[in-house]
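A.B. asks: With the sequence up front, the predicted model follows.
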Amino acid sequence: MIHIAGFPVRVGREARQLCAWCGLMLSDCDYANIAQPEGQTGDPFHPFEVGVLVDVTKNGPVTQSIVLPHKDGGPMPAGFCGDDGKARLRLVTDAAIEGGK
């Protein structure tokens, strides 16, 4: 499924990044459970760039996330989390109008 990377947020010892559209967790980090070798510095949380499209594939306990190329203003690719497959338009006929439907 394809998601839009939202803003990363850090609260206390935890950091998360959710899909800006559906709220799926794209990445997270619990700093209380992080161990780094002595002398190593840097933040272990590496969120996606805000607004990029992320294709998330789950296979059992393994999750693969790939950033997809996309041009702003272009159509969303098939598999976007906001596309539930339901038609957004419906045909309105005279009979439906007369019947109050």
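C.D. replies: That came through fine. Numbering: from 1, shown residues only.
A.B. asks: Surely Asp28 touches Val11?
C.D. replies: No: taking contact to mean Cβ atoms under 8 Å, the distance of 11.3 Å between Asp28 and Val11 leaves them out of contact. Backbone N, C-alpha and C define where each C-beta goes, glycine included.
A.B. asks: So if I had to pick from these two, which one is more boxed in?
C.D. replies: Asp28 (13 against 7; other Cβ atoms under 10 Å).
A.B. asks: Wasn't the more buried one part of a strand?
C.D. replies: Yes: counting by DSSP: H, G, I helix; E, B strand; the rest coil, Asp28 is found in a strand.
A.B. asks: Please give me every residue in contact with it.
C.D. replies: 14-17 (Cβ atoms under 8 Å, 6 or more residues apart in numbering).
A.B. asks: One more: Pro8?
C.D. replies: Each residue near Pro8 by Cβ under 8 Å, 6+ apart is listed here: 15-17, 27, 45, 47, 50.
A.B. asks: and it, what pLDDT?
C.D. replies: In this prediction, Pro8 carries a pLDDT score of 96.
A.B. asks: May I see the buried residues of stretch 45-61?
C.D. replies: Buried positions in stretch 45-61, judged by neighbour count with 16 or more other Cβ atoms under 10 Å: 45, 47-48, 53-54, 56.
A.B. asks: how close does Gly74 sit to Leu24?
C.D. replies: 22 Å (Cβ to Cβ, to the nearest Å).
A.B. asks: out of those two, which sits in the more crowded spot?
C.D. replies: Here Gly74 and Leu24 are compared on neighbour count by other Cβ under 10 Å; more neighbours surround Leu24, at 13 against 8.
A.B. asks: And that one, how far from His3?
C.D. replies: Here Leu24 is placed at a distance of 6 Å from His3 (Cβ to Cβ).
A.B. asks: So for those two, which residues contact both of them?
C.D. replies: Overlap between the contact sets of Leu24 and His3, as judged by Cβ under 8 Å, 6+ apart, is given by 56, 81.
A.B. asks: quick one: which of the contacts of Asp28 has the most company?
C.D. replies: Result: Gln17 is most packed of the contacts of Asp28 (other Cβ under 10 Å), 22 neighbours.
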